[in-house]
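Enquirer: please work out how this folds:
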Amino acid sequence: MKTILQTRRLVLREMAMTDLEFVAEQLADPDVMRYWPRPHTREEAEAWVRRQQERYARDGFGYWLALDGATRHPIGQVGLLAHEVDGRAEVDLGWIIHRPFWRLGYATEGGAACRDLAFRTLDVPRVIALVRPENVPSQGVARKLGMRPVSRTVFAGLDHWVFEQTREDALL
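Expert: Predicted coordinates for the structure are as follows:
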């Protein structure tokens, strides 16, 4: 399980099947998955972990497991996703924090580390965050990261705001 990033409070590392218990619990939680089409079954959570592993191999990134840096207990997922949005290849910044760890700044802290990795290491010109219009908490995280809404799109059959931040706009 390769460690990707460390922040003041978090360790972000690649997911492994040994993380399935946590991932399945998180993705089955109706509150956590409120802005997704529905909570995931255990089988879907297993497929989720495999999909992240495929992303690591193909793209070099995906959702990474976010661990509390002191205890090494998982608290959620934060990462970068390669998506095509409106016919354009994009690097999408995403976060899914488990309910017991909401409102502690983990999404913002992990998101900032991933954004900086995208700009400094991957050398991408911009990152986006696809956020559902009703997902006000994630809109707040995107804004704290310095992102701004620039358009609306339908992604995976659902309406989303496209928040963006360019490398030039980032305060690195």
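Enquirer: tell me what the biggest helix by length in the chain is packed against?
Expert: In the chain, with assignment by DSSP state H, the single longest helix is helix 42-59. Contacts defined by 3 or more Cβ pairs under 8 Å, 6 or more residues apart in numbering; DSSP states H and E place helix 42-59 against helix 20-28, strand 63-68, strand 74-85. The C-beta positions use only the backbone N, C-alpha and C, and glycine is treated the same way.
Enquirer: pick the most deeply packed of those.
Expert: strand 63-68 (a mean of 24; mean count of other Cβ atoms under 10 Å).
Enquirer: helices and strands around that one, which ones?
Expert: Using 3+ Cβ pairs under 8 Å, 6+ apart, strand 63-68 sits against strand 10-13, helix 42-59, strand 74-85, strand 88-97, helix 106-120.
Enquirer: can you check what angle separates the longest one from strand 74-85?
Expert: Inter-element angle recorded for helix 42-59 and strand 74-85: 60 degrees (by axes from the mean of the first three to the mean of the last three Cα atoms, to 10 degrees).
Enquirer: to Leu158, which of the helices and strands packed on helix 42-59 lies closest?
Expert: strand 74-85 (12.5 Å; Cβ to Cβ).
Enquirer: given that closest one, what are its sheet partners and their directions?
Expert: Applying DSSP bridges to the sheet, strand 74-85 is found paired with strand 63-68 (antiparallel), strand 88-97 (antiparallel).
Enquirer: and Trp48, how far from Val150?
Expert: Applying Cβ to Cβ, to the nearest Å, the value for Trp48 to Val150 is 28 Å.
Enquirer: do Ala66 as well
Expert: 26 Å.
Enquirer: with Arg34 instead?
Expert: Counting by Cβ to Cβ, the gap from Arg34 to Val150 is 24 Å.
Enquirer: tell me where the model's unsure across the chain.
Expert: 171-172 (pLDDT under 70).
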